[in-house]
Structures are given as structure tokens and as C-alpha cells.
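S.K.: Task: produce atomic coordinates for the following.
(one chain, ligands or ions: 1)
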Amino acid sequence: MIEIHNIHKTFGDKKVLDGVSGVFETGKTNLLLGASGTGKSVLLKCIVGLIKPDLGSVTFDGTYFTNNKLDIRQEIRRKIGMLFQGSALFDSMTVEQNVEFPLKMLTDMNKDERMERVNFCLKRVGLEGANKKMPSEISGGMKKRVGIARAIAPNCTYLFCDEPNSGLDPQTALKIDELIKEITEEYNITTIIVTHDMNSVIEIGDKIFFLYEGKKLWEGTRDEIMDTDIKELNDFIFANRLMRDAKKVEEEEREEEEERLHHQPAAQENNMAPPADTPNEPQPQNPEGPAATTQTGQNQV
Ligand SMILES: Nc1ncnc2c1ncn2[C@@H]1O[C@H](COP(=O)(O)OP(=O)(O)OP(=O)(O)O)[C@@H](O)[C@H]1O
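M.R.: Predicted coordinates:
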């Protein structure tokens, strides 16, 4: 579990983070959601220690990180896996060498152990056999998979992903999202993902933190986000026409359900419902004839 408390950060005279607090749970995909420039990436960098907050604290599983002794911060850093925006693979290294890199840097595994771990991670992300390929020879989706394999190679406890599906087509983006969620649950990792993608929210948002102008305006689950009455969040969600349509359908279905429930008890109270052993009333003939019935049925299918 990662806890942040009252994080502030100002660059020059620009206040980017204004007292952000929150708890990111273990085994969950935690999303930092918000429009461009609201401070999501700066917050992520404050959490991993790439930027020092002006005020506030970050705690990893009860161990204080911000301003702690160097060796304690390094110990925590060793447990952090990062998936960078654009994958950030080393272009001059093969896929295998990219995944092996953090093992060389952060562990004392010998070559055989490193290769075993590299092959395990590549298999886990669906890239078995891609060891000798160069980054220039693989697709954007495959690069993200290599990035994930590299992030989890040293058995990370915490995984940070900065817009993991940017630049990918929707189907590949979904697969990358699902892979991150699967790995999070499988290895009980605390995962934080920076995104402004509503598809990711709907698909994998166990917990969502909505940032607006450097403040956390809302937090909740993907099931709760559609029902919020916070204007800034609604403006963000429903800027997308598909989301507006989805909301409309949801509201219509809810109204129909309410209508149905409203009528049902009244019918029972008035003994309108037939007893269980009463044969069904004969159905009225379709005035349009059997052909029309078939047509209607086909339309419904
Ligand atoms: N090192 C820096 N020095 C000065 N200003 C910075 C620095 N890093 C970020 N900023 C500013 O902080 C603000 C928030 O940036 P940040 O990258 O966190 O936004 P974001 O919410 O991640 O946006 P996006 O979704 O577009 O990546 C921006 O105005 C940015 O210019």
C-alpha cells in the first residue's frame, strides 16, 4: 500500500500540486485521472522520488520515503517497476538485453538466473521467442509488453505506468490494460497508472483518483464514477460522445427498471398476478398476422 499525504509542488510561480492525499491499495490498479496539465505526471514523479515535493509525505507499506535516509529510499526504489510513456526501451539493445538490464543493475543474479527470469517475464507478457529482436523491429504494442516485462523483471512490489496505452489502437490498448491488471492481481502489486483514457477507467479502474488543477477532486471505483455529481469530473467524462451515449442508455434502462418495479408491487397488492397454477391467458392475435410477428422478432435479434 502506498500512502501520500498533503503533497504540494510549485514550479516558479506555478502551483502544480496543491495538497494531494490518498491511499493506493495493494493488488489494485489505481488510476490517476485528469486532463492534460493537471499534475498527474508530476504527482507520479513525486511518489517515485524523481521530483521532491515542497511539502507532504509518501509512505510505502508503512515506511516513510520522502526525506528518509538514502539507503532506505534506495531499498524502496529497488522494489519499484516503471513503465514509461513511449516505452523508453534502449534502441541499441535487443528485447532480451532490455529486460535483463534492471536485473544486472539491481540484483546479484548470475547470467543463467538472469536469463531464466528474462524468459519467464517475456513469456508472461506473451513475447516468448522475441529475445533477439531489436526495438525497431517490433510494434508499439510489443514495445509496451517489453516495457512491462522489464518493469516486473526484478520482482517489483510497486508498479508505476505513465500513460501505458498512449499511441496504441483501441484493441491493443485494451490488451495492454488487461495485462497490467492481470499482473497486478497475480503478483499482488500496488499499481498506479497515469491516464486520461476513459476506456482504461471503465476496463481496469479498481480505484480512480481524479485530479483537477493540482487538487484531488474525487476518488472512487469505476462503478461509482458515472454517478458523480462533481461538475469538473462530469465535464471530463462526458466530453466524449460515446460516454454521453452510454450514460443516456444507462439512464433509460434505469427509468424502465424503476417503472417496472413501481407497477409490480401494486399488481401483487391488488391480487392481479395469476396464481402459479393458473394457466396463462391466451395471447391476443397479432393484428398484422404471423409475418409481422416474425419480422418483429428478426428485428429484435
Ligand atoms: N520540471 C518542470 N518544471 C516546470 N514546470 C513543470 C515541470 N514538470 C511539469 N511542469 C508543469 O506542471 C504542469 C503539470 O504537468 P504534468 O506533466 O504533471 O501534467 P499531466 O497532468 O501529466 O499532463 P499530461 O496528461 O498532458 O501528461 C504543467 O503545466 C507542466 O508544464
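
S.K.: What residues does the residue lying closest to G167 once chain neighbours are set aside make contact with?
M.R.: Closest residue to G167 apart from its sequence neighbours, by Cβ to Cβ, 6 or more residues apart in numbering: G140 at 5.7 Å. Using the backbone N, CA and C atoms, a C-beta is placed for each residue, glycine as well. The neighbours of G140, taking Cβ atoms under 8 Å, 6 or more residues apart in numbering as the test, are 87, 167-168, 172.

S.K.: hey, where'd the helices end up in the protein?
M.R.: Taking DSSP state H as the test, the helices found in the chain are 40-48, 70-77, 95-106, 111-124, 140-152, 170-186, 198-204, 231-237, 241-269, 290-300.

S.K.: Give me whichever of these is most buried.
M.R.: Across the helices of the chain, averaging neighbours per residue (mean count of other Cβ atoms under 10 Å) puts helix 140-152 on top, at a mean of 24.

S.K.: Next one: K52 relative to C46, how far apart?
M.R.: Distance, K52 to C46, using Cβ to Cβ, to the nearest Å: 7 Å.

S.K.: One more: I193?
M.R.: Remark: distance between I193 and C46 (Cβ to Cβ) = 16 Å.

S.K.: could you dump the helices of the chain to a markdown table with distance to D223 and mean pLDDT?
M.R.: Output for the helices of the chain, formatted as a markdown table (distance: least, Cβ to Cβ, whole Å; pLDDT from 0 to 100):
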| stretch | distance to D223 | mean pLDDT |
| --- | --- | --- |
| helix 40-48 | 22 | 93 |
| helix 70-77 | 32 | 91 |
| helix 95-106 | 36 | 94 |
| helix 111-124 | 29 | 94 |
| helix 140-152 | 26 | 91 |
| helix 170-186 | 15 | 90 |
| helix 198-204 | 10 | 88 |
| helix 231-237 | 13 | 89 |
| helix 241-269 | 11 | 73 |
| helix 290-300 | 28 | 36 |
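
S.K.: Of all those, which one is nearest the ligand?
M.R.: helix 40-48 (3.3 Å; Cβ to the nearest ligand atom).

S.K.: May I ask which of the contacts of G140 has the most neighbours?
M.R.: Each of the contacts of G140 was scored for neighbours by other Cβ atoms under 10 Å, and S87 scores highest at 22 neighbours.

S.K.: burial of the closest residue to the ligand within the stretch 101-250 of the chain, as a residue count?
M.R.: Taking Cβ to the nearest ligand atom, the ligand has its nearest neighbour within the stretch 101-250 of the chain at H196, 5.4 Å off. Applying other Cβ under 10 Å, we find 17 residues neighbouring H196.

S.K.: quick revisit: now distance to the ligand too, for the helices of the chain, in a markdown table please.
M.R.: Output for the helices of the chain, formatted as a markdown table (distance: least, Cβ to the nearest ligand atom, whole Å):
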| stretch | distance to the ligand |
| --- | --- |
| helix 40-48 | 3 |
| helix 70-77 | 20 |
| helix 95-106 | 24 |
| helix 111-124 | 27 |
| helix 140-152 | 17 |
| helix 170-186 | 15 |
| helix 198-204 | 13 |
| helix 231-237 | 12 |
| helix 241-269 | 18 |
| helix 290-300 | 43 |
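
S.K.: how about these, which one is nearest F160?
M.R.: Smallest distance to F160 across the helices of the chain (Cβ to Cβ): 5.7 Å, for helix 40-48.

S.K.: That closest one to helix 70-77, inter-axis angle?
M.R.: Note on geometry: by axes from the mean of the first three to the mean of the last three Cα atoms, to 10 degrees, helix 40-48 and helix 70-77 are set 120 degrees apart in direction.

S.K.: shift numbering so it begins at 15
M.R.: Noted, 15 is the first residue going forward, which turns the last one into helix 54-62.
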